[in-house]
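Participant: Okay, here's the prediction I keep looking at, along with the sequence it came from:
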Amino acid sequence: MSDLTRIRLLVCDVDGVLTDGRIIYDSAGAETKQFHVRDGSGLKYWLRAGHVAALLSGRSCAATERRAAELGISLVEQGVKEKWPVMERILQAAGCTADEAAYVGDDLPDLPVMLRVGCPVAVADAVDEVRAAARRVTALGGGQGAVREAIEWILKAQGRWDAIMARYARPDA
């Protein structure tokens, strides 16, 4: 496993990681998703730190595209059945090696990626096999701020969290 100071790319599954895993259809049949605002803030901090973020999902949903656009994430892969080959393309696009990547997952389709990256992270409510493969398991579940938790953990290890906090600190402190 890679040293956390080398992590430059964060890739997140969507359903069960950035959401609580529920699939909701409205009366017109459109799929909706709920995203946690602190995960979004964390992803913005990640990007502000000069890193790259990507979303890699087995499902396709317009809400995922919209959320990625709101956050400034341009690397979005949806409808992916085998995640590792697509992850290889994401690594190439980001100019990173697998050791320089963190991946946040929750279910079995995430394992091929988690077993190859430098920092595999599982959300608290991930399946047993995913938690066993993770370098760290978040205290929070998917869709409840788990991605933010992982981001803070990595940025603090890199000594970058203080710069994020400085933007919000009181001027007289």
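Facilitator: Received it, and whenever you're ready, just let me know what you need. Numbering: from 1, shown residues only.

Participant: residues of stretch 127-145 that come out buried?
Facilitator: The neighbour-count criterion (16 or more other CB atoms under 10 Å) identifies 130-131, 133-138, 140-145 as the buried residues of stretch 127-145. Yep, even glycine has a C-beta here, placed from its N, CA and C like the rest.

Participant: now swap in stretch 76-85 and tell me
Facilitator: In stretch 76-85, counting by 16+ other CB under 10 Å, buried: 76, 77, 78, 80, 83, 84.

Participant: Wait, a strand at the first one?
Facilitator: In other words, residue 76. Yes - the secondary structure assignment for residue 76 places it in a strand, going by DSSP: H, G, I helix; E, B strand; the rest coil.

Participant: Now tell me which helix or strand of the chain has the poorest mean pLDDT.
Facilitator: For the chain, using mean pLDDT, DSSP states H and E, the weakest element among its helices and strands is strand 31-32, scoring a mean of 90.

Participant: what's the distance between the following helix or strand past that strand and the middle of its chain?
Facilitator: Once strand 31-32 ends, the next helix or strand along the chain (criterion: DSSP states H and E) is helix 37-48. Averaging C-alpha coordinates over helix 37-48 and over its chain gives two centres that are 10 Å apart (CA atoms, centre = their mean, to the nearest Å).
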